[in-house]
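1. how would this look folded up:
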Amino acid sequence: MAILWLIGGYLCGSVSSAIVICRMLGHGDPRVVGSRNPGTTNVLREFGKVPAGLTLFGDVAKGFVPVVLCTVLGFDHVAIALAGVGAFVGHLYPVFFGFTGGKGVATLIGVLLGFKIWLGIVFIACWITVAAVTRYSSLSALTATALAPLAALLLGAPLAIVAAISVMGMFVFWRHRSNIRNLINGTEDKIGNSAAKP
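-> Modelled structure (predicted):
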């Protein structure tokens, strides 16, 4: 059953909110504009606040729903952890969209909220704090991601959940490797430095 939850989570995560919403709103495919990343930040920069907001909601929801459903149905921590990892990996490598997905931060937030509401809140608070100080979205995400396993331990999360968060964190850092290079070189775009539409 744990493997089935992994597969189910993956299929749920494979529904790319950015691509579906942008196409529905007549904006086309976000994978061919801007940073070519089908995620909230690129959608915001290229198409504006409304599609970005809808994308964010969809990406968080597809991480949250499988985890909560698995929890409500009474499955163990391993199954719950795998449901979250599946949804997260599905967002990164969606089977329905040629395995070209986003960087996983919003879906990770959804998974964390599903694991334990305070985990998600701590992540969001860390993101907002770093973003307010540095105005770097990528640095905010990386900082919050790095601290997430420690926060899980301090909040008493089961080891399976902590392990799942650690694995997802490594994926987040891998997917942000170009941003890390840009941060080191001083060429990373800051929040607000775009010509996004309202």
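2. could you point out which element follows the helix or strand bottoming out on mean pLDDT in the chain?
-> Between all helices and strands in the chain, the lowest mean by mean pLDDT, DSSP states H and E belongs to helix 40-47, at a mean of 87. Going down the chain from helix 40-47, the next helix or strand is helix 49-72, by DSSP states H and E.
3. Show me what whichever helix or strand comes after that following helix packs onto, helices and strands only.
-> Proceeding N to C from helix 49-72, the next assigned helix or strand is helix 77-92, under DSSP H and E. Other helices and strands packing on helix 77-92, by 3 or more Cβ pairs under 8 Å, 6 or more residues apart in numbering; DSSP states H and E, are helix 2-13, helix 49-72, helix 105-115, helix 159-175. (C-beta placed from N, C-alpha, C; glycine too.)
4. Report the angle between helix 77-92 and helix 49-72.
-> 160 degrees (axes from the mean of the first three to the mean of the last three Cα atoms, to 10 degrees).
5. Would you mark the buried spots in helix 77-92?
-> Using 16 or more other Cβ atoms under 10 Å as the test for burial, helix 77-92 gives 77-92.
6. my guess is residue 19 contacts residue 28, does it?
-> No. Using Cβ atoms under 8 Å, residue 19 is not in contact with residue 28; the gap is 9.4 Å.
7. In terms of packing, which of these two has more residues around it?
-> residue 19 (23 against 13; other Cβ atoms under 10 Å).
8. May I have the residues that are in contact with the more buried one?
-> By Cβ atoms under 8 Å, 6 or more residues apart in numbering, the residues touching residue 19 are 29-31, 38, 97.
9. Please spell out which residues along the helix or strand hosting it are buried.
-> Residue 19 belongs to helix 17-24 when assigned by DSSP H and E. By neighbour count with 16+ other Cβ under 10 Å, helix 17-24 contains the buried residues 17-22.
10. swap in stretch 110-122?
-> 110-116, 118-120, 122.
11. Show me the shaky parts of this protein.
-> Applying pLDDT under 70 to the chain picks out residues 193-198.
12. If we use 50, what do you get?
-> 195-198 (pLDDT under 50).
13. For residue 192, grab the count of nearby residues.
-> 8.
14. so it makes contact with residue 136?
-> No. With contact defined as Cβ under 8 Å, residue 192 does not count as touching residue 136 (10.9 Å).
15. Need the overlap of contacts for those two.
-> If you check residue 192 and residue 136 against Cβ under 8 Å, 6+ apart, no residue is contacted by both.
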